[in-house]
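**Q** When you get a sec, could you give me coordinates for this:
(3 chains)
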Amino acid sequence: MSLTNEQIQLKLQEKFGEQVSNFSEPFGMLTFEAPKEQNLKVLQFLFDDETLKFRFLTDLQAVHYPNDKGRELAVVYHLHNLVDNVRIRFKVFTDINTPDVFTATQLYSSANWMERETYDFFGVNFVGHPNLKRILNVDEMDYFPMRKEFPLEDQSRIDKDDEMFGRGGSI
Amino acid sequence: MADIPDGHMGEGFFATKLSEVVGLARKNSIWPLPFATSCCGIEFMATAAAHYDLGRFGSERMAFTPRQCDLMMVMGTISKKMAPVVKQVYLQMAEPRWVMAVGACASSGGIFDTYSVLQGIDQVVPVDVYVPGCPPRPEAILDGLMKVQELVGQESLRRRNSDHYKALLESYGIQ
Amino acid sequence: MSDVQNILLPEGSIEKKTITLNVGPTHPATHGVFQNIMEMDGERVMSAESTVGYIHRAFEKLAERRPLYQITPITDRLNYCSSPINNIGWHLTCEKLLGIQTPKRVDYLRVILMELARIADHLICNSIVGVDTGAFSGFVYLMEYRELIYEIYEEICGSRLTTNIGRIGGFERNFTPTAWEKLEKFLKEYPKALKEFENLFTRNRIFIDRTVGCGPISAERALNYGFTGPNLRAAGVDYDVRVHSPYSSYEDFDFIVPVGTTGDTYDRYLVRNVEMWQSLSIIEQAYQKIQNIKGADAEVYHANVPEYYLPEKKDVYTSMEALIWHFKIIMGEIEMPKGEVYHSVEGANGELGYFFISDGGRTPYRLHFRRPCFIYYQAYEELIKGSMLSDAIVVMSSLNLIAGELDA
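**A** Presented below is the predicted three-dimensional model:
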């Protein structure tokens, strides 16, 4: 008996009711969202339920939408049911001024570094994480580089002449 | 076989300059320190392997410790987190020492013009030879090594104590 | 010496009974820049803390600035030992978003390249495990065959290591007859070399003593840690993206997925070894299938999607339509659908995933790489707890950690 997206949606809606919303299926992968306080409950339900069995966390990362006020940072979980070969995507939105999301490390050990990377790049504060420090960038960095307002290049360079790159020079 | 330097040959003796002999000995036995960080490191492994043999240039022993090597070959992208480490390794090397920047990332930051990549290792250590390429072919790395050999063979014996060299190290903050 | 910022000595470390050893970013045995600060009781590792990020190149931020074809060179530098897999995975993701179907011949050509890349990667990994246990000759002997693979790549795309191969919808040019000759030469010579390499290691008493029981992991812990690829298969779980969600016509091929039992270093070595043999068989099957395609289809090397396929240079200089499409694609005036797609391929280290969010603009809104090395390196501390330092080094090299993929 293979698991279809409709069955997953029905089971989620009967357990969580109105809290899971925004169901869509881009390219065949069921995508839904839940409020950020419920993220652990949803993940635990998907893990424990005997027909759903989403026991593999494929990916965890964030997206910054600077124009959606109140919902700027989205934490996206990709889960995989290895037995029935079904993937789903689960999103949690949070405000940029209080970006607190509960950590998934008790459930999945692989979430440990993935959450540190998300914190490093976007500033999402994972409540309850054992070791929330910067992982890929230098420890002294004081901004969160993947947010849309920060530029790609290093702004403290003095040897690059932007006029050569068509961007109006300073040297 | 290496070429005999210019000098005066007689019956049972050969007179030449000391710097020539020392240069000849040094240039044919350069022991590199492969500071391989990324893709150029794999091309270095191909250079050191049997097809494009690096050992025939005298670099048979890859001394992985800076205390025992002559040439530090920095291969791969150096990020800002790694820059102090490059400097520390350079400081541990004994004179005479040379540095070769292999690849576009080590020479100038390469395609990564980002906030986290050091735009060329010559911001932290003085570099002698730059080998461009992304990654450079093993023949290019060997060509870079041959240029280092030229530099080594012709270096004056007094260079490391000269004011010019001391000023160069001062500009990098190295005493 | 001035600032020594990389070593953080804990409080009261003089009174401790354990030594803090910094197996630092530059170390001959860590193949790549990884730092582990280990607490050692003599020669035994009590605990380890890994720091990564010494080669962080900000790929994800870089990708937000570049249109689709300029992202292919970035994907090359992820797992640089097997770059065609990364490139083709990225093109498959774009094709999924744009809804492009590739013809069978293109799929088979892609399979040949991906399996060659997989052989190249496993070859390095197994020979480096040999080097770390003291046997240098296996490495030198097998690198010669990596040169044969490089020659095949050069014939197809011009570059040895960072290949930047292919286009969205196929390839930039058809494989030349020289490429087929080189492939045949490889298929004839490599099995003999691999057999000899196996004879050196697989039943070698010293190698078995060094690697059996070294860094084992159970299947439940491996799944919880997010392991994929040969490391997971060595632990006993047969999860292979090529079988679970086949892409690029992998369902037409007949191959087995090897599975180990204890997940230790010896099992990982054996799994990679068998995978190399399976890859050779897949390449031979693909070659047969390509030779069986006759007629007009035998010249096809890309899908018929002029809006997204960057045309061949000779057409750009001679035909008007190709020039216009070339201009439009380069300047970014093509229709990009909005949407988000996640696609994964079986990289040499595991499931390499691309999460691509497009907002209709020229460049991606967000591109995230699900890098297998980053995810399973978290388990390293658990794997080496209680083992000797030399075993810790062998475990690290058998996990096949590629620094470029780890830090992205």
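**Q** Tell me how many other residues surround the residue of chain C found nearest chain A.
**A** In chain C, no residue comes nearer to chain A than C:Gly226, which is 2.9 Å away by C-beta to the nearest C-beta. Glycine gets a C-beta too; all of them are placed from N, C-alpha and C. A count of nearby residues for C:Gly226, using other C-beta atoms under 10 Å in any protein chain shown, gives 29.
**Q** where's the nearest residue to C:Gly215 once chain neighbours are set aside, which helix or strand?
**A** Nearest residue to C:Gly215, sequence neighbours excluded (C-beta to C-beta, 6 or more residues apart in numbering or on different chains): C:Val395, at 3.5 Å. Per DSSP states H and E: C:Val395 is located in helix C:389-398.
**Q** any idea of the pLDDT on A:Phe126?
**A** pLDDT for A:Phe126: 90.
**Q** neighbouring contacts of the helix holding C:Val395?
**A** Residues outside helix C:389-398 that contact it (C-beta atoms under 8 Å, 6 or more residues apart in numbering or on different chains): C:21, C:23, C:29-31, C:34, C:36, C:38, C:40, C:43-45, C:48, C:125, C:128-129, C:131-133, C:210-211, C:214-215, C:265, C:268-269, C:380, C:383-384, C:387.
**Q** try stretch C:321-341
**A** In contact with stretch C:321-341 (C-beta under 8 Å, 6+ apart) are residues A:26-27, A:31, A:89, C:67, C:69, C:93, C:96-99, C:306-312, C:315-317, C:355-363.
**Q** Next: stretch C:175-192.
**A** Contacts for stretch C:175-192 (C-beta under 8 Å, 6+ apart): C:109, C:112, C:116, C:119, C:145, C:148-149, C:151-152, C:155-156, C:280, C:283-284, C:287, C:301.
**Q** where does chain B have low pLDDT?
**A** B:1 (pLDDT under 70).
**Q** Residue numbers of it in contact with chain C?
**A** Contact residues (C-beta under 8 Å from any C-beta of the partner chain) of chain B with chain C: B:35, B:37-39, B:41-43, B:45-46, B:49-51, B:64, B:76-77, B:79, B:81-82, B:84-85, B:88-89, B:91, B:111-112, B:114-117, B:134-135, B:137.
**Q** Of the contacts of helix C:389-398, which count as buried by neighbour count?
**A** C:23, C:29-31, C:34, C:36, C:38, C:40, C:44-45, C:48, C:125, C:128-129, C:131-133, C:210-211, C:214-215, C:265, C:268-269, C:380, C:383-384, C:387 (16 or more other C-beta atoms under 10 Å in any protein chain shown).
**Q** that older thread, most widely separated two among the contacts of stretch C:175-192?
**A** C:Tyr145 and C:Tyr301 (26.3 Å; C-beta to C-beta).
**Q** Is the residue nearest to the spatial centre of chain A part of a helix or strand, or is it coil?
**A** Central residue of chain A (C-alpha atoms, centre = their mean): A:Val75, 2.4 Å from the mean position. With DSSP: H, G, I helix; E, B strand; the rest coil as the basis, A:Val75 sits in strand.
**Q** thinking again about what came up before, and which of the contacts of stretch C:175-192 is nearest to C:Pro372?
**A** Among the contacts of stretch C:175-192, and counting by C-beta to C-beta, the member closest to C:Pro372 is C:Ile119, at 17.9 Å.
**Q** List only those of the contacts of stretch C:321-341 flagged as buried.
**A** By 16+ other C-beta under 10 Å, the contacts of stretch C:321-341 give A:31, A:89, C:67, C:69, C:93, C:96-98, C:306, C:308-312, C:316, C:355-358, C:363 as buried.
**Q** quick one: contacts for whichever residue of chain A sits closest to chain C?
**A** Nearest residue of chain A to chain C (C-beta to the nearest C-beta) works out as A:Ser110 at 2.9 Å. By C-beta under 8 Å, 6+ apart, A:Ser110 lies in contact with A:Leu57, C:Asn224, C:Tyr225, C:Gly226, C:Ile375, C:Tyr376, C:Gln378.
**Q** Next one: it from chain B, what distance?
**A** 23 Å (C-beta to the nearest C-beta, to the nearest Å).
**Q** just the strands in chain B please.
**A** Using DSSP state E, the strands of chain B run over residues B:8-10, B:13-15, B:32-36, B:71-75, B:98-102, B:129-131.
**Q** Turn the ones you listed into CSV, including mean neighbour count and distance to B:Ser171.
**A** As requested, these are exported to CSV (neighbours: other C-beta atoms under 10 Å in any protein chain shown; distance: least, C-beta to C-beta, whole Å):
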stretch, mean neighbour count, distance to B:Ser171
strand B:8-10, 9, 41
strand B:13-15, 9, 39
strand B:32-36, 26, 22
strand B:71-75, 27, 18
strand B:98-102, 25, 15
strand B:129-131, 22, 18
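**Q** about what we covered before: my read is that the residue nearest to the centre of chain A contacts A:Thr118, right?
**A** Yes - A:Val75 is in contact with A:Thr118 according to C-beta atoms under 8 Å; the separation is 6.7 Å.
**Q** Identify the contacts common to the two.
**A** The contact lists of A:Val75 and A:Thr118 share A:Leu60, A:Gln61, A:Ala62, A:Val124, where a contact means C-beta under 8 Å, 6+ apart.
**Q** And these, which is closest to C:Phe171?
**A** A:Gln61 (31.0 Å).
**Q** so that closest one touches C:Gly353, yeah?
**A** No - with contact defined as C-beta under 8 Å, A:Gln61 does not reach C:Gly353; the gap is 10.3 Å.
**Q** Of all the helix elements in chain B, which one is longest?
**A** Using DSSP state H, we find that the single longest helix of chain B is helix B:138-153.
**Q** Could you check the angle it makes with strand B:71-75?
**A** 150 degrees (axes from the mean of the first three to the mean of the last three C-alpha atoms, to 10 degrees).
**Q** What distance do you get for A:Ser109 to C:Gln378?
**A** Going from A:Ser109 to C:Gln378 by C-beta to C-beta, to the nearest Å gives 7 Å.
**Q** quick one, strands of the chain?
**A** All of this is about chain A. Going by DSSP E, chain A shows strands at A:21-24, A:30-34, A:56-64, A:73-81, A:86-94, A:100-102, A:125-127.
**Q** The chain in question should be chain C.
**A** C:19-23, C:35-41, C:44-51, C:338-346, C:351-359, C:366-370.
**Q** Pull stretch B:100-119 out as PDB, backbone CA atoms only.
**A** Extracted C-alpha coordinates of stretch B:100-119, given in PDB (Å, rounded to 0.1, in the frame of the first residue of the first chain):
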ATOM      1  CA  MET B 100      54.200  29.300  -4.600                       C
ATOM      2  CA  ALA B 101      50.600  30.200  -5.000                       C
ATOM      3  CA  VAL B 102      49.000  27.500  -7.200                       C
ATOM      4  CA  GLY B 103      45.700  28.200  -8.800                       C
ATOM      5  CA  ALA B 104      43.500  31.200  -9.200                       C
ATOM      6  CA  CYS B 105      42.000  31.100  -5.700                       C
ATOM      7  CA  ALA B 106      45.400  31.300  -4.000                       C
ATOM      8  CA  SER B 107      46.700  33.900  -6.400                       C
ATOM      9  CA  SER B 108      43.800  36.300  -6.300                       C
ATOM     10  CA  GLY B 109      40.700  34.800  -4.800                       C
ATOM     11  CA  GLY B 110      39.700  33.200  -8.100                       C
ATOM     12  CA  ILE B 111      36.000  33.100  -9.000                       C
ATOM     13  CA  PHE B 112      35.100  33.600  -5.400                       C
ATOM     14  CA  ASP B 113      34.700  37.300  -4.900                       C
ATOM     15  CA  THR B 114      32.800  36.800  -1.600                       C
ATOM     16  CA  TYR B 115      32.900  38.000   1.900                       C
ATOM     17  CA  SER B 116      34.600  34.900   3.200                       C
ATOM     18  CA  VAL B 117      37.400  34.300   0.800                       C
ATOM     19  CA  LEU B 118      40.800  35.900   1.100                       C
ATOM     20  CA  GLN B 119      41.500  37.600  -2.200                       C
END
